[in-house]
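Enquirer: Sequence below, structure please.
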Amino acid sequence: MNARDWVAELQTWQQRYAQMAERVRAHPEAASGVTPRKELAHEPGWRLYRYGDVAGPPLLIVFALVNRPDVLDLTPERSLIGALLEHGVNVHLIEWDEPPRRRDISLATYLQTYLARCVQHVLDANGTTRLDLLGVCQGGVFSLCYTALQPAQVRRLITMVTPVDFHTPDNALSNLLANIDVTLMADVLGNIPGSLITRAFLALKPYTLVSKKYLDAALGEISEERLEAFLRMERWIHDTPDLAGTAFREFVQLFFHQNRLVEGALRLGASDVDIRSIRQPVFNVYATRDHIVPPAAARALSDLLPHAPYAEFAVDSGHIGIYVSRTASAQVPRRIANWLAG
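Expert: Numbering: from 1, shown residues only. Here you go, the predicted model:
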């Protein structure tokens, strides 16, 4: 390519970038969530929502402390929650509050107080004694632990892109955290800033997650529906809440550093937790191109449930695509609903 061709190519890129920038400026601000919901309860630390008015066994979605659950309800065409409702699932969701200034909220508080209160509210609201849990990423770890601690309250368990073996060789996030003194980090910072967590996740795949997606959006033909999804996704990525310092330190030490789900001897507060005791049916959904929770890290669950009926479903997507890609949006809710119905 000669110099004249290079100049023409650069001019074309500049025009496309300018056109995309104008479309973004003219686009209304992307709101959070699209599916109607009502608040069932609210206490310090959490809010509990119910979506729709579907009858049947209640399903409680437990999301991670990292990021907000908006990605599960991104647009009408890309909504895991909306699709579950269409398939006849009675959906509830925990939304974690920003932690207060004090840094001493522990993992035991999140599981044995906050999650336990939400579970009881769902049971009471639905007039039942057992529910189904759907744990997403870190929320899947919470759900596994809660099921082991409170088996009488859980009918069935779904884990979605949930890390179980944190020491697989391809676990980039574990390798990143391996030599970080999280005690010192929590002592200095108190609560961990969400912006710091966002930068750490983007650093795992900087070209793909930072430069490439903007190039693809600017240089390709993008419909209004895709632009809406793109802007909502950008808002979600950069709206990471702060993390309670104590819970962050404990989670990194117990799981990333010590790999306690696999190695055993996991203790939360005054309770020993052994997920090998789980006897409820478990459906493990994971992504084959997940750079945050590699498939091996998720599939390790199958070896740790000797007493539980176990099934798994592999989705050809990445960690976020499993919620919002067109292929996953068509497959995942249907497979979850069919498994629950069966």
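
Enquirer: Check which helices and strands the host helix or strand of Y323 is in contact with.
Expert: According to DSSP states H and E, Y323 maps onto helix 321-324. With contacts taken as 3 or more Cβ pairs under 8 Å, 6 or more residues apart in numbering; DSSP states H and E, helix 321-324 sits against strand 282-287, helix 326-341. Every residue, glycine included, has its C-beta placed from N, CA and C.

Enquirer: Worst mean pLDDT among the ones you listed?
Expert: Mean pLDDT is lowest for helix 326-341 among these, at a mean of 94.

Enquirer: between that helix and strand 282-287, how many degrees?
Expert: With axes from the mean of the first three to the mean of the last three Cα atoms, to 10 degrees defining the directions, helix 326-341 sits at 180 degrees from strand 282-287.

Enquirer: shouldn't G33 be in contact with D70?
Expert: Yes - G33 lies in contact with D70 (Cβ atoms under 8 Å); the separation is 5.7 Å.

Enquirer: Low-confidence regions, the stretch 151-300 of the chain specifically.
Expert: Across the stretch 151-300 of the chain, the ranges flagged by pLDDT under 70 are 205-227.

Enquirer: mind running it again at 50?
Expert: Within the stretch 151-300 of the chain, the segments meeting pLDDT under 50 span 207.

Enquirer: Run through the helices of it in chain order.
Expert: Per DSSP state H, counting those that start in this stretch, the stretch 151-300 of the chain carries helices over the ranges 172-177, 182-189, 194-204, 206, 213-219, 224-237, 245-251, 260-263, 295-299.

Enquirer: so which of those gets nearest I81?
Expert: Closest to I81 of the helices of the stretch 151-300 of the chain, according to Cβ to Cβ: helix 224-237, at 14.0 Å.

Enquirer: Tell me the helices and strands packed up against that closest one.
Expert: With contacts defined as 3+ Cβ pairs under 8 Å, 6+ apart, helix 224-237 has these neighbours: helix 3-26, strand 73-75, helix 213-219.

Enquirer: Apply 7 Å and report the result again.
Expert: For helix 224-237, the packing partners by 3 or more Cβ pairs under 7 Å, 6 or more residues apart in numbering; DSSP states H and E come out as strand 73-75.

Enquirer: now the strand it packs on, how far from the chain's geometric center?
Expert: Its chain's C-alpha centre and that of strand 73-75 lie 14 Å apart, by Cα atoms, centre = their mean, to the nearest Å.

Enquirer: Please verify my assumption that V324 contacts R78.
Expert: Yes - using Cβ atoms under 7 Å, V324 is in contact with R78, at 4.5 Å.

Enquirer: what is in contact with these two at once?
Expert: Any residue near both V324 and R78 by Cβ atoms under 7 Å, 6 or more residues apart in numbering counts here, and that gives A229.

Enquirer: With neighbour numbers in mind, choose between G33 and D70.
Expert: Higher neighbour count among G33 and D70: G33, with 22 against 19, using other Cβ atoms under 10 Å.

Enquirer: Please name the residues that touch the more buried one.
Expert: Contacts for G33 (Cβ under 7 Å, 6+ apart) come out as D70, D73.

Enquirer: give me phi/psi at Y310?
Expert: Main-chain dihedrals, Y310, degrees, to the nearest 10: phi -120, psi 140.

Enquirer: Kindly provide the distance from it to V273.
Expert: Noted for Y310: a distance of 19 Å to V273, by Cβ to Cβ, to the nearest Å.

Enquirer: which of those two has more neighbours?
Expert: With neighbours defined as other Cβ under 10 Å, Y310 and V273 compare such that V273 has more, 22 against 16.

Enquirer: Now that one: closest residue in space that isn't a chain neighbour?
Expert: Distance criterion Cβ to Cβ, 6 or more residues apart in numbering; nearest residue to V273, sequence neighbours excluded, is L266 at 4.5 Å.

Enquirer: what's around that neighbour, how many residues?
Expert: L266: 19 neighbours (other Cβ under 10 Å).

Enquirer: ok, it touching R260?
Expert: Yes - when contacts are counted by Cβ under 7 Å, L266 is listed as touching R260 (3.9 Å).

Enquirer: any residues in contact with both of those two?
Expert: The contact sets of L266 and R260 overlap at L254 (Cβ under 7 Å, 6+ apart).

Enquirer: Deepest in the core, which of the helices of the stretch 151-300 of the chain is it.
Expert: helix 245-251 (a mean of 22; mean count of other Cβ atoms under 10 Å).

Enquirer: hmm, who's touching that helix?
Expert: The contact list for helix 245-251, computed with Cβ under 7 Å, 6+ apart, reads 65, 103-107, 110, 182-183, 186, 189-192.

Enquirer: Check stretch 146-158 too.
Expert: Residues from elsewhere that reach stretch 146-158 (Cβ under 7 Å, 6+ apart): 57, 111, 115, 119, 123, 130-134, 143, 271, 273-275, 277-283, 285, 336, 340.

Enquirer: got the buried residues for that stretch?
Expert: For stretch 146-158, a neighbour-count test (16 or more other Cβ atoms under 10 Å) marks Y146, T147, A148, L149, Q153, V154, R155, R156, L157, I158 as buried.

Enquirer: Between strand 282-287 and the helix or strand where the first one lies, find me the angle.
Expert: It stands for Y146. Assigned by DSSP H and E, Y146 belongs to helix 138-149. Calculated by the same axes, to 10 degrees, helix 138-149 forms an angle of 170 degrees with strand 282-287.
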